[in-house]
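> This is a predicted model, with the sequence first.
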Amino acid sequence: RRDMLMQQQLLIIVLGMLPAVVGGAPPLVLTRIDEDLAGQMGAYCLDGSLPGFWFAPAQSPEFNSSWIIYLQGGGFCATPGDCADRATGDLGSSNGWEDTQTLGGIMNDDPAINPAFSQFNRVHVGYCDGWFFASNREGTVTTPDGSQVKEIHLRGRSNLEAVLHVLDGMGLSSATELVLGGGSAGATATLKHADYLYNRYPGVKFGAVPVSGVFPLHPDFQGSMGFWDVVLQAQDFHNSTQAGMGGNKCLEVLKGDPMCGMPNYSYAFLEPPVFVFNSAVDLYALENIWKGDVDCVETGFQNCTPDAIDDINAWGYSFYDTISTSGPTFNKLGNGAFIDSCLEHCAPESTNAFTGITQDGVAMNAAVSSWWSSGFKEAADAHTYLPCPLNEQPPHLCNPTCDSVNQAGRSPNKNLGTTNIHTHTCMHIYSINRVCVCVCVVCIIDLRGKHAYRTPLAVPGSSEDA
């Protein structure tokens, strides 16, 4: 199986050496929701501007009924003041959105780079509600005195519904193939809403591809669950699990349990086929959730004590152990995962990373293409790629292909003291690597003691609890 994939990888490289078509595919063009429709559906960005999406049509008639919908990422806001600040920028207002976009990686229009989805109708949905396209509070919320934006709209689910309504009229209602994906907050949103879209479009070949959107429910290095306290409080503020996640299988099975708003819970109960991209040592998670071993992380594993290497490897091992035993999803027929060891966040959005990071000789683009073309009829382990742990002795990097990717940005190391830490944009590659981790389940981990303590998460149809 791996030999066949390596042959496919070689074919992709050869195609990439061929001359490009003059002019290439057209860019994605912005469409804003019509004012009348927005009024009817209550669809607004935080500042009251109109939500929307960027769209490029299929590149040949063969793919007229094939679609990829990619949800933009960009953190979240947790309080009225936090959301008021966010409403002054592109993650809370559509007023400054560019008319066109040209995207890379998994949304690239070149079949040599993106063999699975480049020819599809491509949609990039703008993120402007501050809560994973899942906020759903009636009316407006008054912001603190002195805020530039006096009232905010928490209407993410309505924004998503309005976008789907417009896309249905553009041909989505007749789709035969549909991929729902997203990066960072867009990946978390993918996990929240994939069940809904899967059932909204019955009979369609449907798959979910979350990119860097599953985070471990871990305490930080001091044992505090402060990050997750903020998340749970913000979820209530946005009225998310009560009204913003209709169709979510976890909510159905656990009868509205608010923990279903956590990406690991949605993943554990997910109905449709899913292929997860995640770093075992996700940069955002280590900087904003773990927040320890700063020198090791900030130097890309160059300045690491033995304890730091132990901590980070324990993070990765425990994370993988948790998701792989959380229920049926990870090992379910037709699913897959590419869990790399690179210090990155949203690497598949970078063309260099999408084509350059490999596991077992198979690059990201070839891995997801093989999964999609399999028809979801093969065992998950045929499409699962696992990471390596950091080396105990320098050099600590274990996957040399991480170094082959140029640094394309990284999120700053911010203090959780203010909720603004969550307003990062999706960062791509950092060109270093690290341990194992991927999606998450429900776990509290004593990283220094190397013990994982799982909280009960019974999944119907599974013999495992997590």
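Nice, I can see it.

> tell me the contacts of Asn114?
Contacts for Asn114 were tallied using Cβ atoms under 8 Å, 6 or more residues apart in numbering; they are 105-108, 354, 365. For every residue, glycine as well, the C-beta is placed using N, CA and C.

> Secondary structure element holding it?
Element membership for Asn114 (DSSP states H and E) is empty, with no helix or strand holding it.

> mind checking how far it is from His383?
Distance, Asn114 to His383, by Cβ to Cβ, to the nearest Å: 17 Å.

> Low-confidence stretches in the stretch 301-450 of the chain?
Scanning the stretch 301-450 of the chain for pLDDT under 70 picks out 322, 326, 404-450.

> how about the strands in it?
Applying DSSP state E, counting those that start in this stretch to the stretch 301-450 of the chain gives strands spanning 336-340, 342-344, 358-359, 362-363, 384-385, 429-433, 443-446.

> packing partners for the first one?
Contacts defined by 3 or more Cβ pairs under 8 Å, 6 or more residues apart in numbering; DSSP states H and E place strand 336-340 against strand 275-279, strand 358-359, helix 364-373, strand 384-385.

> So which bits of the lengthiest helix in the chain are buried?
For the chain, the helix with the greatest residue count under DSSP state H is helix 306-324. If you call a residue buried by 16 or more other Cβ atoms under 10 Å, then helix 306-324 has these buried ones: 308-324.

> can you check stretch 366-376 too?
Within stretch 366-376, the residues that count as buried by 16+ other Cβ under 10 Å are 366-372, 376.

> Contacts for that stretch, please.
In contact with stretch 366-376 (Cβ under 8 Å, 6+ apart) are residues 5, 8-9, 12, 106, 115-117, 179, 205, 207, 209, 273, 275, 277, 333-336, 338, 348, 359, 362, 382-383, 385.

> Select only the buried ones of the residues you listed in ChimeraX?
The buried subset of the contacts of stretch 366-376, as determined by 16+ other Cβ under 10 Å, is captured in ChimeraX by this line:
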select :5,8,9,12,106,115,116,117,179,205,207,209,273,275,277,334,335,336,338,348,359,362,383,385
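
> What is the burial count for Asp360?
Neighbour count for Asp360, taken as other Cβ atoms under 10 Å: 11.

> just the strands in the stretch 51-200 of the chain please.
For the stretch 51-200 of the chain, applying DSSP E, counting those that start in this stretch gives strands covering 52-56, 66-71, 100-101, 121-125, 141-142, 151-152, 177-183.

> for the third one, packing partners?
Same thing as strand 100-101. strand 28-32.

> that older thread, put together TSV for the helices and strands packed on strand 336-340, with distance to Ala84 on each row.
TSV is the format used below for the helices and strands packed on strand 336-340 (distance: least, Cβ to Cβ, whole Å):
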stretch	distance to Ala84
strand 275-279	32
strand 358-359	43
helix 364-373	38
strand 384-385	42
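
> center of the protein, which residue is that?
Ala187 (2.2 Å; Cα atoms, centre = their mean).

> confidence score at that residue?
For Ala187, the pLDDT comes out at 97.

> and the closest residue to it other than its chain neighbours, what does it touch?
Using Cβ to Cβ, 6 or more residues apart in numbering and skipping residues adjacent in sequence, the residue nearest Ala187 is Gly213, 2.2 Å away. The contact partners of Gly213, by Cβ under 8 Å, 6+ apart, come to 73, 182-191, 263, 278.

> Could you find which two of those residues are furthest from each other?
Ala189 and Asn278 (15.0 Å; Cβ to Cβ).

> re the thing from before, closest one of the contacts of Asn114 to Ala58?
Ala58 lies nearest to Met107 out of the contacts of Asn114, by Cβ to Cβ, at 13.7 Å.

> got a pLDDT number for the closest one?
On pLDDT, Met107 comes in at 98.

> That one and Asn199, how far apart?
Taking Cβ to Cβ as the measure, Met107 falls 25 Å from Asn199.

> of those two, who's got more company?
Counted by other Cβ under 10 Å, Met107 and Asn199 do not tie: Met107 has more neighbours, with 26 against 13.

> thought the more buried one was touching Arg122?
Yes - with contact defined as Cβ atoms under 8 Å, Met107 and Arg122 form a contacting pair (6.0 Å).

> Find the residues that touch each one of the two.
Contact criterion Cβ under 8 Å, 6+ apart; residues shared by Met107 and Arg122: 68, 70.

> Helices along the stretch 101-250 of the chain, start to end?
156-169, 185-200, 226-237, 240-243, 249-253 (DSSP state H, counting those that start in this stretch).
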